[in-house]
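> when you get a sec, could you give me coordinates for this:
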Amino acid sequence: MSSGSDTSGRAGAGPLRIGLTGGIGSGKSTVGAMLVRHGAALIDSDAISRATTAVGGSAITPITAAFGAQVIGMDGALDRAAMRALVYRDVDARQRLEAIIHPLVGAESERQARTAIEAGTRCLVFDVPLLVESGSRWRSRVDRVLVVDCPAATQIARVVARSGLAADEVQRILDAQAPRAQRLAAADIVVHNGDDVDLATLECTIAQLARSFGL
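Just a heads-up that it's a prediction; the model follows:
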């Protein structure tokens, strides 16, 4: 864990808001789950995004209008493979998709945050895979940015092992995300989770971090 994890002197009242991010395969979700076990409330933007594009989701109608029925599966949910292929070859398509989904995700994230605050949580963790890519849109909503970091080779190996995707497919996903250096530059806190870090060591690191968050 890097230095810079002190949360004193932050602006604003209410629970501490942590923006959790990291590239695919970094172990970000594992870190989020650990923080939850220490008492944080997790708002998972990826899970919210998936819900908006599931059958009956709030993004399905505007996505159909913007891209046509060819990106909607027979079950009525977003055909992720078809949409992935489209956005990889068309930057404008990605921007149009994000313009539909991001406001929906933001609104639901804030609704979940309000619920957690009402329940008395002391720390909100916003799990946002593309936090750095979003610029000030997410950064302005959190007190600290926590980046889970590991080498790209480790990311690729982990994703191939868990998903069955080919290494070149995973590399394309990495290429579409913020570069590692850009994420690290945006971080207030860095948790290293490379091949040299076992689960027990990571758990100790997160326990220490949770204490600094008041958990």
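> which stretches of this protein have low pLDDT?
1-13, 136 (pLDDT under 70).
> can you give me the strands for it?
Per DSSP state E, the chain carries strands over the ranges 16-21, 41-44, 123-127, 144-149, 189-192.
> give the contact list for residue 180.
23, 149, 151-152 (Cβ atoms under 8 Å, 6 or more residues apart in numbering). All C-beta spots, glycine's among them, are computed from the backbone N, C-alpha and C.
> just the buried residues out of those residues, in ChimeraX syntax.
Buried residues among those (16 or more other Cβ atoms under 10 Å), as a ChimeraX selection:
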select :23,149,152
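> looking at the contacts of residue 180, which are in helices?
residue 152 (DSSP state H).
> can I get the contacts of residue 180 in a markdown table with distance to residue 81?
Supplementary listing: the contacts of residue 180 in a markdown table, determined by distance: Cβ to Cβ, whole Å:
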| residue | distance to residue 81 |
| --- | --- |
| 23 | 21 |
| 149 | 29 |
| 151 | 28 |
| 152 | 23 |
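> ok, the contacts of residue 180 vs residue 173, which is closest?
Each of these was checked against residue 173 using Cβ to Cβ; the closest is residue 23, at 8.7 Å.
> ramachandran angles for that closest one?
phi -70, psi 160 (degrees, to the nearest 10).
> tell me who's in contact with it.
Neighbours of residue 23 in contact, by Cβ under 8 Å, 6+ apart: 152, 155, 174, 177-178, 180, 183.
> out of these, who's the most crowded?
Neighbour counts for those peak at residue 155, which has 24 neighbours (criterion: other Cβ atoms under 10 Å).
> my guess is that one contacts residue 148. True?
No: with contact taken as Cβ atoms under 8 Å, residue 155 and residue 148 are classed as non-touching, separated by 10.5 Å.
> between these two, which contacts overlap?
Overlap of the contact sets of residue 155 and residue 148 (by Cβ under 8 Å, 6+ apart) consists of residue 26.
> and residue 178, how far from residue 125?
Residue 178 is 19 Å from residue 125, where distance means Cβ to Cβ, to the nearest Å.
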